[in-house]
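**Student:** any chance you could fold what I've pasted below:
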Amino acid sequence: MADQVETRGVVEAGEGKGSPGPLIVALVLLALALLLAIAQAGPPAAMGKDAPVAELSAGRAREVLADLVGDGVPHPVGSPANARVREKILGHLRRLGYLPEVQEAFACSRGGNCARVYNVLARLPGREPGRSVALMAHYDSVAAGPGAGDDGAGVAAVLEVARVLKTGPPLRHGVLLLLTDGEEAGLLGAQAFAEQSPAADEVGAVVNLEGRGSSGPSLMFETSGPDAWLVSRFAAGAPRPFTSSLFSAIYQLMPNDTDLSVFKRDDVPGLNFAFIDGPSHYHTPLDSLENASPESLQHHGDNALAAVRGIAESDLNAAPQGRAVFFDLFHAVVVQWPASISPLLGILALCLTVIAAAIARRRGLTAWSSVILGLLFPLAALVLTLLLAIGLQMLLAGAFPSGWVARPLPAIAAFWLLALAASLGAVALLRRRGSAPGLWAGVWIFWSLIGTLLGMFMPGASYLFLVPALVAGLCGLLLGGSPGGRMVASILPAFVAALLWFPILRALYLGLGLVGLLATAVLLSFIFGALVPLVSASGSLGRRWLPLAAGAAALVLAVLARISAPYSPESPQPVTVQLYQNAGVSQWILRSSPPFPPAVRKAASFAAQPGPAYPWSPPGGRALLAPAPPLGAPAPELTVLADSVTAGKRRLRLRLTSPRGAPIGTVVVPAAAKLELVNVQGQTAFTADGLGTGSGGDDWRQITTLSVPSQGIELEIILGSTQPTDWYVFDRSYGLPPSGQALLAARPKSAAPIQDGDSTMVSRKVRI
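**Tutor:** Next up is the predicted model:
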């Protein structure tokens with residue numbers, strides 16, 4: 001009865017006129033945190049060619065980059081252009097005083113791709129024998145673009161770091177420069193090095209440089225193995241670190257891979273760096289020298305140099321243990337702690353907020369019912385934001401057909417304002433308004449619980465909740481005795497959360513596109529939802545007019561985003577053209593995110609609706625098709641060299657050849673053949689665990705060789721079925737024949753090929 005009386009008194013007190021001042025102060029501080037995140041988002045200034053010899057210079061590195069990719073020619077694995085780039089790299093290393101060597105090997109990926117690769121290795125000896133630090137980047141590109149960002153910038157940065165290291169005294173441990181081939185085809189060079197090179201045994205740690213765009217800061221986005229010591233050594237020397245254990249935690253959940261993944265499988269310690277701004281340039285012709293940012297190149301090199309120096313001066317022969325939770329503050333310092341104590345920090349934050357709530361109740365400032373209300377409010381804000389954000393995503397889906405757009409700012413602002421409107425507006429969903437101290441306690445108990453759970457199951461992300469919750473708990477205990485103190489306890493933790501979250505939320509769109517904006521809105525609901533104590537006491541301005549204004553602004557911006565052109569010459573639409581011949585009949589295949597360019601459709605009389613591109617295409621593998629002039633090219637051949645049955649297993653030895661000299665050959669095996677094992681040149685390209693499914697989905701398995709020699713290549717295959725089945729074999733070459741020039745001319749400037757680029761493909765059915 002006493003608690004009911006107390007609750008009634010508190011609620012009545014909370015229903016007073018209120019003041020919007022504290023809420024406005026909080027929103028101003030959050031806006032300042034956002035401006036700070038934007039202002040500090042860029043990489044450092046690039047140093048010119050005249051920089052001191054002992055300092056890393058983007059100007060010098062860019063000269064190297066221009067030599068490697070300045071001609072704008074793609075250089076995928078196995079191509080003549082790839083060989084020319086490799087020779088240039090060898091020349092640069094020799095001029096720097098290194099004695100480079102080339103590891104030639106044949107390798108197959110877990111995805112069924114195989115190729116002959118040529119890795120470039122060079123060594124810088126250290127003061128002590130033993131293990132070395134591998135500084136790594138890949139020098140091959142996709143077929144659609146010259147790869148200035150992915151990964152020419154990484155190669156140029158490695159060579160500039162190699163030059164700087166030569167100017168100083170030897171490091172404690174040596175440095176192994178490793179420039180890999182075939183990364184774009186499935187990490188082939190890195191895998192060949194790890195499995196076939198004797199030098200792999202000396203690698204004690206790895207620093208890998210990547211690129212997924214053409215500009216932006218160089219993020220340390222992934223770690224491998226016990227990383228606490230690696231982070232410490234990198235942070236000690238990095239002039240402008242941009243990193244977070246959250247990046248690594250999220251990356252582990254994604255299907256993406258880099259060369260570091262090969263070493264990560266063996267738990268070799270490593271750090272991974274990449275820049276991600278300019279995502280529409282990725283794997284297109286716009287990944288060029290002209291679009292490559294000198295500032296990003298500078299940051300890449302600075303990070304690599306700091307990481308290599310720090311790690312090489314550590315004891316690489318020891319066996320370090322432990323993973324870390326870490327994040328940078330204003331790109332100036334890196335804060336870290338052992339991941340194992342994150343659950344304890346969560347429990348501490350929980351204890352602090354519960355104690356603060358108990359003290360507030362004893363003082364008659366709140367009741368437990370208000371605390372429970374505050375505990376439930378973040379869930380209400382989260383659900384409301386999620387529902388509205390999904391609706392906004394559906395509205396904008398047509399304007400984001402490829403995930404990224406030429407002018408994303410209106411859409412980004414719309415999702416931020418939507419999250420603000422939904423979180424503030426969720427207060428209206430509360431049937432009763434509790435006291436501000438009780439709501440405050442409930443919100444931060446919720447944050448403490450989330451932080452504790454993340455500390456146990458995803459510690460890399462836990463700091464985002466733990467640090468603000470700890471700040472809230474301390475403020476509640478120390479300042480909760482006065483109205484001004486309680487206002488600070490409500491504003492300061494939310495401001496701290498914004499300082500930690502906003503730099504990361506900004507990167508979500510760059511990494512994930514429209515899906516990243518949906519995730520941004522949902523995550524913002526936590527920060528804006530933490531303002532509920534201030535909203536509940538702000539009167540009609542905070543509970544009604546601010547949410548309405550934010551929602552209206554979000555709607556206006558969403559309409560602007562929806563009607564704006566999604567593509568431009570600087571942010572092109574992915575449009576790839578292929579000439580495909582099967583059984584002597586040729587057709588054009590147009591792959592594009594909708595809407596399909598009208599000029600291209602008219603140039604070849606494409607069908608109105610997409611259809612299956614190949615006989616083995618899965619249900620989702622559809623494209624626009626049109627008749628094409630006869631190619632008249634001979635089809636690839638798959639010759640049976642040996643065929644036997646043992647213990648119910650069919651064993652085949654086959655030779656794949658391309659009479660027209662295409663560099664890429666693929667064998668497409670139906671699932672009915674029960675493929676169990678494929679070896680190509682002694683390397684395993686497929687096992688029965690489902691690897692190597694390729695683009696045929698569950699009904700077909702594909703084995704691809706990206707460097708088919710003139711004499712062909714042999715495959716050893718084991719099948720679980722002894723019955724004859726119909727297979728397909730096709731070869732593929734880069735570019736289109738002269739008959740495709742009209743199509744290429746019709747492709748607008750706001751469109752560009754992507755990934756494997758335009759190609760010519762010939763197939764035939766084979767009875768095996």
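**Student:** could you chop this structure up by domain?
**Tutor:** Split into domains by automatic domain parsing, the chain comes to 2-38+340-563, 58-329, 572-768.
**Student:** from the centroid of this structure, which residue is nearest?
**Tutor:** Central residue of the chain (CA atoms, centre = their mean): G511, 5.2 Å from the mean position.
**Student:** nearest spatial neighbour of it, skipping sequence neighbours?
**Tutor:** I276 (5.7 Å; CB to CB, 6 or more residues apart in numbering). Bear in mind the C-beta positions are built from the backbone N, C-alpha and C, glycine included.
**Student:** now swap in L348 and tell me
**Tutor:** In space, and not counting its chain neighbours, L348 is closest to L470: 6.8 Å by CB to CB, 6+ apart.
**Student:** what's near enough to touch that neighbour?
**Tutor:** For L470, the contact set (CB atoms under 8 Å, 6 or more residues apart in numbering) comprises L345, L348, A349, L352.
**Student:** cool, and A419?
**Tutor:** With contact set as CB under 8 Å, 6+ apart, A419 has these partners: T385, A389, T520, A521, V522, L524, S525, F528.
**Student:** rerun at 7 Å
**Tutor:** T385, A521, L524, S525, F528 (CB atoms under 7 Å, 6 or more residues apart in numbering).
**Student:** and for S215?
**Tutor:** F275, D277, G278, S293, S296.
**Student:** among the residues you listed, which one lies nearest to W229?
**Tutor:** F275 (25.0 Å; CB to CB).
**Student:** so that closest one makes contact with L297?
**Tutor:** No - the pair F275 and L297 fails to qualify as a contact (CB atoms under 7 Å) at a distance of 9.0 Å.
**Student:** not including adjacent chain positions, what is the nearest residue to Q578?
**Tutor:** In space, and not counting its chain neighbours, Q578 is closest to I589: 4.2 Å by CB to CB, 6+ apart.
**Student:** with R172 instead?
**Tutor:** Once flanking residues are discounted, R172 sits nearest to E313: 4.9 Å by CB to CB, 6+ apart.
**Student:** give me the neighbour count for the one you found.
**Tutor:** Neighbour count of E313, defined by other CB atoms under 10 Å: 17.
**Student:** could you pull up phi and psi at the closest residue in space to G735 that isn't next to it in sequence?
**Tutor:** Distances taken as CB to CB, 6+ apart put D758 closest to G735, at 6.0 Å, once the chain neighbours are dropped. D758 adopts backbone torsions of phi -70, psi 140, taken as degrees, to the nearest 10.
**Student:** and D758, how many neighbours?
**Tutor:** Using other CB under 10 Å, D758 has 20 other residues around it.
**Student:** hang on, the earlier thing: most packed of the domains of the chain?
**Tutor:** Scoring these by mean neighbour count under mean count of other CB atoms under 10 Å gives domain 58-329 as the most buried, with a mean of 22.
**Student:** now do that one: distance to the chain's middle.
**Tutor:** Distance, stretch centre to chain centre, for domain 58-329: 16 Å (CA atoms, centre = their mean, to the nearest Å).
**Student:** mind listing the helices for the stretch 301-450 of the chain?
**Tutor:** Residue ranges of the helices in the stretch 301-450 of the chain, as given by DSSP state H, counting those that start in this stretch, are 342-362, 368-396, 409-425, 436-457.
**Student:** what residue ranges in the protein score low on pLDDT?
**Tutor:** Scanning the chain for pLDDT under 70 picks out 1-18, 429-433, 689-697.
**Student:** for it, what's the longest strand?
**Tutor:** In the chain, ranked by residue count with DSSP state E as the criterion, the top strand is strand 113-124.
**Student:** now do the phi/psi pair for the residue nearest to L348.
**Tutor:** phi -70, psi -40.
**Student:** cool, L135 as well?
**Tutor:** Main-chain torsions, L135, degrees, to the nearest 10: phi -100, psi 120.
**Student:** residue contacts, it?
**Tutor:** With CB under 7 Å, 6+ apart, L135 has these contacts: V158, V161, V175, L177, L178, V207, A304, V308.
**Student:** shouldn't the second one be in contact with G301?
**Tutor:** Yes - counting by CB under 7 Å, G301 is a contact partner of V161 at 5.9 Å.
**Student:** now do the helices in the stretch 451-600 of the chain.
**Tutor:** Under the criterion DSSP H, counting those that start in this stretch, the stretch 451-600 of the chain contains helices at 459-479, 483-512, 514-529, 532-536, 539-540, 546-563, 598-604.
**Student:** include distance to P636 when you put these into a markdown table, please.
**Tutor:** Listed next are these as a markdown table, based on distance: least, CB to CB, whole Å:
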| stretch | distance to P636 |
| --- | --- |
| helix 459-479 | 47 |
| helix 483-512 | 38 |
| helix 514-529 | 38 |
| helix 532-536 | 66 |
| helix 539-540 | 74 |
| helix 546-563 | 46 |
| helix 598-604 | 25 |
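**Student:** out of those, nearest to G149?
**Tutor:** Closest approach to G149 among the helices of the stretch 451-600 of the chain is made by helix 483-512 (12.9 Å; CB to CB).
**Student:** by contact count, what packs against that closest one?
**Tutor:** Here helix 483-512 touches helix 21-39, helix 436-457, helix 459-479, helix 514-529, going by 3 or more CB pairs under 7 Å, 6 or more residues apart in numbering; DSSP states H and E.
**Student:** looking at those helices, which is nearest to A185?
**Tutor:** Closest of these to A185 is helix 514-529, at 26.3 Å (criterion: CB to CB).
**Student:** hmm, who's touching that closest one?
**Tutor:** Contact with helix 514-529 is made by 377-378, 381-382, 385-386, 389-390, 393, 396, 400, 403, 411-412, 415-416, 418-420, 422-424, 443, 494, 497-498, 501, 505, 508-509, 512, as judged by CB under 7 Å, 6+ apart.
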